[in-house]
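> Below: sequence and its predicted model.
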Amino acid sequence: MLGMLFTDKECKEFDYLLRKEMDEMLLDMSDRRLDGPVKEAISKRYKTIFRMYARIAPPRELSRYSLGLKTTR
């Protein structure tokens, strides 16, 4: 396990980066041109990034992105 310390500004930036990455992956998952294996890889990556985001996100924001987990299965 790796531990990191962030300042408030760095934590906000990390939050922003994770949210934008998840938004992009959700957009990719809705693309009909992508086939099954590609969507499965995106889904696995989404779950990993979501777990990272869950450590720093407020519950209201977290619920917004947990819906993406249901659509990626």
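Sure, I can see it.
> can you pull the pLDDT of residue 37?
Looking at residue 37, its pLDDT stands at 93.
> What sits closest to residue 11 if chain neighbours are left out?
Nearest in space to residue 11, with sequence neighbours left out and distances taken as CB to CB, 6 or more residues apart in numbering, is residue 56 at 6.3 Å. Where you see a C-beta, it was placed from the backbone N, CA and C, and this is true even at glycine.
> now swap in residue 25 and tell me
Closest to residue 25 by CB to CB, 6+ apart is residue 46, at 4.7 Å.
> Does the one you found lie in a helix or a strand, and which?
Take DSSP states H and E as the rule and residue 46 turns out to sit in helix 36-54.
> Where is the longest helix in the protein?
helix 8-29 (DSSP state H).
> just for the chain, where's the confidence low?
For the chain, the stretches flagged by pLDDT under 70 are 67-68, 70-73.
> Cool, thanks, signing off.
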